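1. Below: sequence and its predicted model.
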Amino acid sequence: MSSDPKISTSIRLYRTTPHPCSYKDEQQSTTVFVDPELTITQALNTKLSSLGYRRSGAYLYRPDCTYCDACISCRVQVNEFQPRRSQKKTLRLNQDLWVEESVELNDRESFDLYCRYINTRHRDGDMFPATQEQFQAFIATKTDDTRFYKFYADDKLVAVSVTDILLNGLSAVYTFFDPTASKRSLGSYIILWQIEKSLQLDLPYLYLGYWINNCQKMNYKNKYRPIQLLIAGKWVLLK
């Protein structure tokens, strides 16, 4: 069991044993997570997101490595965001998509899309191969304030975004999409869509999880400026 001085002592925190890092070869990582028996309310999710925590299924967690602090929480300041030329092109390419909002994700179509995405794009990751149990635990498990946004081209499901509605923003929990639709740049499009959704809901931030300097998997987050990074407990603005 661990502790965090910025969180109420009534919340139990647990620290994992060292395990292989997903982002840095030959390095070990450790994670602190909130007591999984605790209900993740909107207020708690907002508070901990502001402190650098992240939701994955039933868990709120943050990296807590002994010798590394490379994982930095980031969030887009949506009121100041101006899309680049390439991002405007991505928006135009996806004007034909329509979106269905749901509070559950239990359909076969979404699971099949998830499997195609993981088994094509993440064959080198710890989520491969995709399973029903993994889908239920990691994707379909939700809070009362989770929304599943399903993106369709005509009647074909091409992407799903798992998004938490916080008191001060949206949290992009996870997105998966049709790996054969590369020309659409669906991953980028959905971030742009979530920025617009945050504006519609009058919420100032879009939380994008963790950013790691010089990590190819994370470089895309740098394209959404102005972005704030949580450094030494303070949100620092990068324009």
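-> Perfect, I can see it now.
2. Which residue is the nearest non-sequential neighbour of Ala43?
-> Computed as C-beta to C-beta, 6 or more residues apart in numbering, the closest residue to Ala43 that is not its neighbour in sequence is Leu167, at 6.7 Å. (C-beta placed from N, C-alpha, C; glycine too.)
3. quick one: the one you found and Leu48 touch, right?
-> No - under the criterion of C-beta atoms under 8 Å, Leu167 is not in contact with Leu48, lying 11.8 Å apart.
4. Neighbour count: these two, which is higher?
-> More neighbours surround Leu48 than the other of Leu167 and Leu48, with 22 against 13 (other C-beta atoms under 10 Å).
5. right, and the more buried one touches Val34 too?
-> Yes - in this structure Leu48 lies within contact range of Val34 using C-beta under 8 Å: 7.0 Å.
6. residues shared between the contacts of those two?
-> Contact criterion C-beta atoms under 8 Å, 6 or more residues apart in numbering; residues bridging Leu48 and Val34 by contacting each: Leu60.
7. got a list of what Gly57 touches?
-> Gly57 makes contact with 137-139, 141, according to C-beta under 8 Å, 6+ apart.
8. mind listing what's buried in the helix or strand hosting Leu230?
-> Using DSSP states H and E, Leu230 maps to strand 227-231. Of the residues in strand 227-231, 227-230 count as buried by neighbour count, 16 or more other C-beta atoms under 10 Å.
9. Adding distance to Asp155, write those residues out as TSV.
-> TSV is the format used below for these (distance: C-beta to C-beta, whole Å):
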residue	distance to Asp155
Ile227	36
Gln228	39
Leu229	41
Leu230	41
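10. Quick one: the residues you listed as CSV, columns for pLDDT and distance to Ile191 too.
-> Converted to CSV, those look like this (pLDDT from 0 to 100; distance: C-beta to C-beta, whole Å):
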residue, pLDDT, distance to Ile191
Ile227, 96, 11
Gln228, 97, 15
Leu229, 97, 16
Leu230, 98, 18
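11. between those, which is closest to Asp69?
-> Checking these against Asp69 with C-beta to C-beta, the nearest one is Leu230 at 10.7 Å.
12. From what I see, the closest one and Arg54 are in contact.
-> No - applying C-beta under 8 Å as the test, Leu230 and Arg54 come out as separate, 11.3 Å apart.
13. so what sits against both of these two?
-> Ser73.
14. Quick one: name whatever helix or strand follows the lowest-mean-pLDDT helix or strand in the chain.
-> Taking mean pLDDT, DSSP states H and E as the measure, strand 19-20 is the helix or strand of the chain with the lowest mean score, a mean of 89. Using DSSP H and E, the helix or strand that follows strand 19-20 in sequence is strand 28-29.
15. Direction included, what does the least confident helix or strand of the chain pair against?
-> If you go by DSSP bridges, strand 19-20 pairs up with strand 28-29 (antiparallel).
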